[in-house]
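**Q** Kindly return the folded structure for what I paste below:
(2 chains)
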Amino acid sequence: MANLNTSGRLPRILLVEPDGLVRGTVASVCRDLRLAEVVQSVSCDSATRIMADEALQACILSLSDCGSGLDLLSRIREGDFNCPVDLPAAMTAASVDSAMAGRLKELRIRRLLLKPFRIRDLVVTVESLLAPTTVAQQVA
Amino acid sequence: MILAPIPEYDSQRLKALRKLLILDTPAEERFDRITQFAMREFDVPMALVSLVDQDRQWFKSNFGIENRETPRSISFCGHAIFERNILLIPDALKDERFHDNPLVVNKPWIRFYAGAVLRMPYGVALGTLCVMDTRPREMDPVDLSILGSLRDLVVEEMLRQEASTWQT
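**A** Numbering: from 1, shown residues only, chains lettered A, B, ... in the order given. Presented below is the predicted three-dimensional model:
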């Protein structure tokens, strides 16, 4: 299951999640399974500072964070940070309406996780975000 | 059934356990939240923080089990403390150590058991964080890693307990 990049390092993925137990456990499991190094953030505000400094290969943001997850994803897509504009992204949320679902699709999120989700769901999401995509998947 | 064996270093293990001053103390949220989290994550009806005392296993946190302790000799955790990491019993009825164990053939009807060893940094195994079900199950590497990570959080809390005990 090891997921080393060409430099022999684990890919780095940003996880924005307010629950410390969830955040810490996902980080620990991803490290244990050699999937990724999880850069943890409690909110999208603090994640904005991380995005400015860190080279990341993917991100999982939180829509529950007063809408700032959406703002942060918009800024990523607009090229405001030192990462690709097509950075693989997933979003967690308590619920979404159809308008929000449409907006998230426009912002090209690969996966939406509705709460309550399991640690396993997040780990599988990390794995899928870091997996090479095919053209067909990108179009879908 | 094979009774839970006694490790050679048991007196050293029991000394470390008693030094924590944790046995027979009330349930605490810091342990219960991890146990409940494990129950939800693995969708199991029973989860414990179990400490293996001289003649009993005593539960610092217990969900889905009525008793606060059981005899050590029939405990799954008494076997688990011999493991380096996790004791996994997919189906107790098919395991010679447990197939006619009272905890299997009577209430709480344990069929599946996964116990991650609570090992202190200086090597002694004090008990387990374990999840149980009344039906056979499997665990894959992701599940085992999640259980191990939750176990690490329990050990962290025990180390905090140890530090606060030394301060008083």
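**Q** all contacts plus neighbour counts: C-alpha atoms, from now on.
**A** Noted.
**Q** Might one say that residue A:26 is in contact with residue A:124?
**A** No. Counting by Cα atoms under 8 Å, residue A:124 is not a contact partner of residue A:26; they are 10.3 Å apart.
**Q** Name the residues of chain A found near chain B, please.
**A** Counting by Cα under 8 Å from any Cα of the partner chain, chain A comes close to chain B at A:25-26, A:28-29, A:32-33, A:118-120.
**Q** between residue A:26 and residue A:124, who's got more neighbours?
**A** Set residue A:26 next to residue A:124 and count neighbours by other Cα atoms under 10 Å in any protein chain shown: residue A:26 wins out with 27 against 13.
**Q** can you tell me which residues contact the more buried one?
**A** Residue A:26 is in contact with A:38, A:119, A:122-123, B:146, counting by Cα atoms under 8 Å, 6 or more residues apart in numbering or on different chains.
**Q** got a winner among the residues you listed for most neighbours?
**A** Counting neighbours by other Cα under 10 Å, residue A:38 leads the contacts of residue A:26 with 26 neighbours.
**Q** hang on, that residue is in a helix, isn't it?
**A** No. The assignment for residue A:38, made by DSSP: H, G, I helix; E, B strand; the rest coil, is strand rather than a helix.
**Q** Next, please give the residue ranges for the helices of chain B.
**A** B:10-19, B:29-42, B:77-80, B:102-105, B:141-167 (DSSP state H).
**Q** likewise chain A?
**A** Counting by DSSP H, the helices of chain A are A:20-32, A:44-53, A:68-77, A:98-106, A:119-130, A:135-139.
**Q** Mind checking the pLDDT average for the third one?
**A** This points to helix A:68-77. Averaged across helix A:68-77, pLDDT comes to 92.
**Q** for the shortest one, same thing?
**A** If you average the pLDDT over helix A:135-139, you get 48.
**Q** cool, and the longest one?
**A** Average pLDDT, helix A:20-32: 96.
**Q** now that helix, how far from the centre of its chain.
**A** Computed by Cα atoms, centre = their mean, to the nearest Å, the separation of helix A:20-32 from the middle of its chain amounts to 14 Å.
**Q** Would you enumerate the residues in contact with the nearest residue to residue A:70 once chain neighbours are set aside?
**A** Nearest residue to residue A:70, sequence neighbours excluded (Cα to Cα, 6 or more residues apart in numbering or on different chains): residue A:63, at 6.4 Å. Applying Cα under 8 Å, 6+ apart to residue A:63 gives the contacts A:69-70, A:91-94.
**Q** Also residue B:100?
**A** Contacts of residue B:100 by Cα under 8 Å, 6+ apart are B:1, B:93.
**Q** Do you know the pLDDT at it?
**A** As predicted, residue B:100 sits at a pLDDT of 97.
**Q** got any ranges where the chain has weak pLDDT?
**A** As the question left the chain open, I've gone with chain A. Scanning chain A for pLDDT under 70 picks out the ranges A:1-7, A:65-67, A:133-140.
**Q** sorry, should have said chain B
**A** Applying pLDDT under 70 to chain B picks out residues B:168.
**Q** how about the residues of it near chain A?
**A** Counting by Cα under 8 Å from any Cα, chain B comes close to chain A at B:40-41, B:142-143, B:145-146, B:149-150.
**Q** count of neighbours near residue 55?
**A** Using chain A. Per other Cα under 10 Å, the neighbour tally for residue A:55 reads 16.
**Q** Sorry, I should have been clearer: chain B.
**A** If you count neighbours by other Cα under 10 Å, residue B:55 ends up with 11.
**Q** For it, give me its contacts.
**A** B:71-73.
**Q** do that again at 6 Å, thanks
**A** The contact partners of residue B:55, by Cα atoms under 6 Å, 6 or more residues apart in numbering or on different chains, come to residue B:72.
**Q** Next, count neighbours for residue B:67.
**A** 11.
**Q** could I get the contacts of residue A:63 as CSV with distance to residue B:16 and neighbour count?
**A** Shown next, in CSV, are the contacts of residue A:63 (distance: Cα to Cα, whole Å; neighbours: other Cα atoms under 10 Å in any protein chain shown):
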residue, distance to residue B:16, neighbour count
A:69, 46, 24
A:70, 50, 21
A:91, 45, 23
A:92, 42, 23
A:93, 44, 17
A:94, 44, 12
